[in-house]
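In: This is a predicted model, with the sequence first.
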4 protein chains.
Amino acid sequence: MASQENPDALVLSDDPLHPANLIPELCRNFYQLGWVTGTGGGISIRVGDKVFIAPSGVQKERIQPVHIFVLPFPQAAPSPHTDRVFLRRPALNLTESACTPLFWNAFELRDAGSCIHTHSQNAVMATLLWPGSTFAISHQEMIKGVRRGGVGRALSYLDTLELPIIENTPNEEDLKDSMAEAMTRFPEAAGILVRRHGVYVWGPDWEKAKTQAECLDYLFEIGVKMKLAGLETVMGA
Amino acid sequence: MASQENPDALVLSDDPLHPANLIPELCRNFYQLGWVTGTGGGISIRVGDKVFIAPSGVQKERIQPVHIFVLPFPQAAPSPHTDRVFLRRPALNLTESACTPLFWNAFELRDAGSCIHTHSQNAVMATLLWPGSTFAISHQEMIKGVRRGGVGRALSYLDTLELPIIENTPNEEDLKDSMAEAMTRFPEAAGILVRRHGVYVWGPDWEKAKTQAECLDYLFEIGVKMKLAGLETVMGA
Amino acid sequence: MASQENPDALVLSDDPLHPANLIPELCRNFYQLGWVTGTGGGISIRVGDKVFIAPSGVQKERIQPVHIFVLPFPQAAPSPHTDRVFLRRPALNLTESACTPLFWNAFELRDAGSCIHTHSQNAVMATLLWPGSTFAISHQEMIKGVRRGGVGRALSYLDTLELPIIENTPNEEDLKDSMAEAMTRFPEAAGILVRRHGVYVWGPDWEKAKTQAECLDYLFEIGVKMKLAGLETVMGA
Amino acid sequence: MASQENPDALVLSDDPLHPANLIPELCRNFYQLGWVTGTGGGISIRVGDKVFIAPSGVQKERIQPVHIFVLPFPQAAPSPHTDRVFLRRPALNLTESACTPLFWNAFELRDAGSCIHTHSQNAVMATLLWPGSTFAISHQEMIKGVRRGGVGRALSYLDTLELPIIENTPNEEDLKDSMAEAMTRFPEAAGILVRRHGVYVWGPDWEKAKTQAECLDYLFEIGVKMKLAGLETVMGA
């Protein structure tokens, strides 16, 4: 990509698959799915040593490439909570997504190339109807669309999908440690549910992050329907 | 904007963010969300001393900039129920939205820059499942997208969102006084629910009115789902 | 419109509001709403002595203006069951919508300018949860978007909306007589529900037919939700 | 179509109704309907001795004509499980849809011109709420949009729609034999449900496959709603 002498070149491209073009397009897609209404949620893409992140508190379906932040990866500080270094900041008075430390978990702990955060009601209802520390469902074809740890080989139809549920915190960035702890405790989980909040999902690249986000959202939705219909969501072997 | 000598200049602009272009675009968006079907609902935008309002009784997803009314703000009469003064009226045989006095409440009592009215079924179901005088929900991440009084600082995850519910009247403009009374009684509420009818939501500008309308609609929807699933919507401290 | 010497001129127009352009556009809209999937449902528009009708058994979201039939109104025969006269037939091997005699009821008995037929699941569920001969709901703002008999003055918030439900028949055109009978017995009804099938809605023109179809569908949907939640759908005076 | 000397000519066409253009367009449509999210599901079209098939494991709403596989029909081997012969393979590192042997059942056993596979939640919920070996519903207008065996004459309103439900297998292609067996046992069925997975639907051409897929999905959806509301889905004669 471009040199640091013209940071805008990092986000201006004719290639529709450039991260700075993909993020706005995917956010419009996610808005249609009800995942990122009201400025919530979003997607971050990492390509090698550069991370592309949307701004915080804006309408996600109206983001433009010029609104995108670019950060170097890794960051010098142990966690990008503060003192973040940027390759490019938008000219407007914007701040980077509050999810940045959470996205970083996926990059650091899973070597992910993309991380998606949604406020999907399917995810939130799953965290309400599964009051314990995990969501689990088995014997659904869509499980096969999910990878071990989000970046490994695909699950089989015979695997039970299990995702940890962590408790929400008033400040989004304070989820960083409990999310990291859950990722360590559940090395095979492709995402982390946050109670009364939503879900984080990642993959080795944006395509696999997105398709896994779709598969997991499908599984939350059908799991909630099954639970409300009195059906068991995990079958015995 | 333009002089009063050519009122059409008040609504003709190449800028997609001009209120007369935004209102039609946002109404198409709201139609897709099911908020303004059957001519119901709409949005008004105030920029300084000018208020832009859609016509009444028309298909909201088909509004054109030339259909927009422009009124001076404030109006001389104490309430814009009658004797309204206009800067620009459409050439067609149209009347301004019947919600005009309700939008005016938001401009006068909250100094709002935009007010949205929806007939969303989530809002109506909330007024049916909360038979008392308020809707309340706590411990939902989306609460953080709502501002105190619609125009102040954002609520925290630890705040309980509470919205007054007023009773519907046969004529929409007759809601003006009870809506104003509820706004005074609940100075922190970002919107007013109208039983068996819908909701009014406002913000300092159209972006914040829209994102708050999305957050509140999300909260009505998940609140209704929780209530029907037998879950508590307000948690003890 | 055009002379009979070139029947295609009856359906080829640059005006987006020409019936032969509107029918395809509205059918795409209705497809998105789930009203006309699987070739079911449709819309007919009458302008003076000409009736524009879509073909039968085709994907409604893919209709083109050249597929539209044009019939003179009125027809010489007492009912357009057979021996229909056409001003224009498509070149392709198409037959006019099987709903034609039902649309004709609205034109003949209500002087309607447009009639819409949907297979909306909201309508069908309403006919299943209201097992008697009428669907009724009161105290909903959206009732105000419906007109007496579909073509008269608007209902008030204090009116109870009541629609007859007729029993389905194996052949769609055999509904003609029972639909006409119900329209005569319920002169104030803006539409006719057909059990396990859908609804017919009409208005003085296509805009009012469409907005009433939206209001009624909204009322079926919220009525079904209320019934399933154990709420009364008609309040005492 | 083109000679085998330039296989790309098999998928490059200005005709929007060419199978290589239709498959991407229809997959975008099916994505909107929630039928093919997360790379699941798809559609295959057969025109005479050529079969057009989408790749496996890709985002179905982003397929391009150059991604399409073309296979000769019939294949020399008794079943296209292995040793498939191709007229054209994409340049990219793609494999043909894992549904290929299932699509082949529809071509071989029903002389179908198109076969659609969806992961629609309506289909999956139907397989969960009908725990036996068939799904059945009667007295729904939409039954009339379904053909005997998928390719014969249309069902009547008085016919009961019955579809076999087969049990899912860990590998999609292992469904081939049980699907073929169910198709033989239920010669009048227009589709095969796969428990906890989805549905296969076919027709004599892509239009009739698509409209039947819509009618069946509608019937699954309303059947599930009726079952959850405690309503009988099959009425006595």
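Out: Done, it's in.

In: Kindly report the residues of chain A close to chain D.
Out: A:139-142, A:145, A:156-158, A:207, A:210-212, A:214-215, A:217-218, A:221-222, A:225-226, A:229, A:231 (CB under 8 Å from any CB of the partner chain). Any C-beta I mention is one placed from the backbone N, CA and C, and that applies to glycine too.

In: do that again at 10 Å, thanks
Out: Taking CB under 10 Å from any CB of the partner chain as the contact definition, chain A meets chain D at A:29, A:32-33, A:138-146, A:154, A:156-159, A:207-208, A:210-219, A:221-222, A:225-226, A:228-232, A:235.

In: ok, and which of these reach chain B?
Out: A:Gln32, A:Leu228.

In: Buried ones among the residues of chain A next to chain D?
Out: Buried members of those, scored by 16 or more other CB atoms under 10 Å in any protein chain shown, are A:29, A:33, A:138-146, A:157, A:159, A:207-208, A:210-219, A:221-222, A:225-226.

In: per-residue confidence averaged over the longest helix anywhere in chain A?
Out: Secondary structure assigned by DSSP state H gives helix A:206-228 as the longest helix of chain A. The average of the pLDDT scores along helix A:206-228 is 98.

In: tell me which element A:Ile45 is part of?
Out: Using DSSP states H and E, A:Ile45 falls within strand A:42-47.

In: Name the residues linked to the spatially most central residue of chain A by a beta bridge.
Out: Residue closest to the mean C-alpha point of chain A, counted by CA atoms, centre = their mean, is A:Ile116 at 2.1 Å. As for beta bridges, A:Ile116 partners with A:Ile43, A:Val201 under DSSP bridges.

In: Quick check: it vs chain D, distance?
Out: To chain D, A:Ile116 is 13 Å away according to CB to the nearest CB, to the nearest Å.

In: That residue contacts A:Ile192, correct?
Out: No. Taking contacts as CB atoms under 10 Å, A:Ile116 lies outside contact range of A:Ile192: 11.5 Å.

In: joint contacts of these two?
Out: Residues touching both A:Ile116 and A:Ile192 (CB atoms under 10 Å, 6 or more residues apart in numbering or on different chains) are A:Ala106, A:Val199, A:Tyr200, A:Val201, A:Trp202.

In: For those, give me a markdown table that also has pLDDT and distance to C:Lys60.
Out: Compiled in a markdown table, those are given as follows (pLDDT from 0 to 100; distance: CB to CB, whole Å):
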| residue | pLDDT | distance to C:Lys60 |
| --- | --- | --- |
| A:Ala106 | 98 | 44 |
| A:Val199 | 98 | 37 |
| A:Tyr200 | 98 | 41 |
| A:Val201 | 98 | 37 |
| A:Trp202 | 98 | 41 |
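
In: hey, where'd the strands end up in chain A?
Out: A:42-47, A:50-53, A:69-72, A:114-118, A:134-137, A:161-166, A:191-194, A:198-203 (DSSP state E).

In: Packing partners of the fourth one?
Out: Spelled out, it's strand A:114-118. helix A:19-32, strand A:42-47, strand A:50-53, helix A:100-110, strand A:191-194, strand A:198-203, helix A:206-228 (3 or more CB pairs under 10 Å, 6 or more residues apart in numbering or on different chains; DSSP states H and E).
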